[in-house]
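Chemist: The sequence isn't on hand, but the structure is:
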């Protein structure tokens, strides 16, 4: 995806995320409020990560405007012991399945163009100001 338009999510991704949101609700997480979602992708180099972020910013500005979201921001995490670089894109949004799926798929497609891993998301549990004990990866199982 080289264009500066975001991607409509696949029905499979929407269904997967709907199940994940349902499990969060079953575990007592209030999904009616705005949450700070963190979308994370791993890249093989800092150069790949920076190229991704440059393009992702334009895409996220478009999503923010079209969906009335607050400003999103990307952070690069470089581990000196590892050669890979993680990019975390923070987005304040309601837990709307289609919206979160669209952001996940858009960032994931763009990441693939830059050698990145799959895109994964999580959010801090507002009830205790910590990351939810039930990560998305655990809930997918």
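Modeler: Okay, I see it. A quick note: this is a predicted structure, and the numbers were derived from the prediction, not measured.
Chemist: can we go C-alpha only for contacts and neighbour counts from here?
Modeler: OK.
Chemist: show me the contacts for residue 21.
Modeler: Going by C-alpha atoms under 8 Å, 6 or more residues apart in numbering, residue 21 touches 31, 95, 97.
Chemist: most neighbours, which of the residues you listed?
Modeler: Within those, most neighbours by other C-alpha atoms under 10 Å means residue 95, with 21 neighbours.
Chemist: Just give the nearest non-adjacent residue to it, would you?
Modeler: Counting by C-alpha to C-alpha, 6 or more residues apart in numbering, residue 31 is the residue found nearest to residue 95 once chain neighbours are left out, at 5.7 Å.
Chemist: was I right about the one you found contacting residue 23?
Modeler: No: between residue 31 and residue 23 there is no contact under C-alpha atoms under 8 Å: 10.9 Å.
Chemist: Mean pLDDT per helix and strand in this structure: which one sits at the bottom?
Modeler: Every helix and strand of the chain was ranked by mean pLDDT, DSSP states H and E. The lowest is strand 130-131, at a mean of 48.
Chemist: In the chain, where's the longest helix?
Modeler: helix 46-67 (DSSP state H).
Chemist: That one packs against which elements?
Modeler: Packed against helix 46-67 by the contact rule (3 or more C-alpha pairs under 8 Å, 6 or more residues apart in numbering; DSSP states H and E) you find strand 73-78, strand 85-94, helix 97-113.
Chemist: buried ones in the longest one?
Modeler: Which is helix 97-113. Applying a neighbour-count criterion of 16 or more other C-alpha atoms under 10 Å, the buried positions in helix 97-113 are 97-112.
Chemist: What of the shortest one?
Modeler: Neighbour counts over strand 73-78 (16+ other C-alpha under 10 Å) mark 73, 74, 76 as buried.
Chemist: just curious, which of these is nearest to residue 50?
Modeler: residue 76 (8.2 Å; C-alpha to C-alpha).
Chemist: Out of the buried residues of helix 97-113, which comes closest to residue 55?
Modeler: The closest of the buried residues of helix 97-113, once distances to residue 55 are taken by C-alpha to C-alpha, is residue 110, at 7.9 Å.
Chemist: Give me the pLDDT value at the closest one.
Modeler: pLDDT for residue 110: 95.
Chemist: My read is that it contacts residue 53, right?
Modeler: No: contact status for residue 110 versus residue 53: not in contact, 9.4 Å apart, counting by C-alpha under 8 Å.
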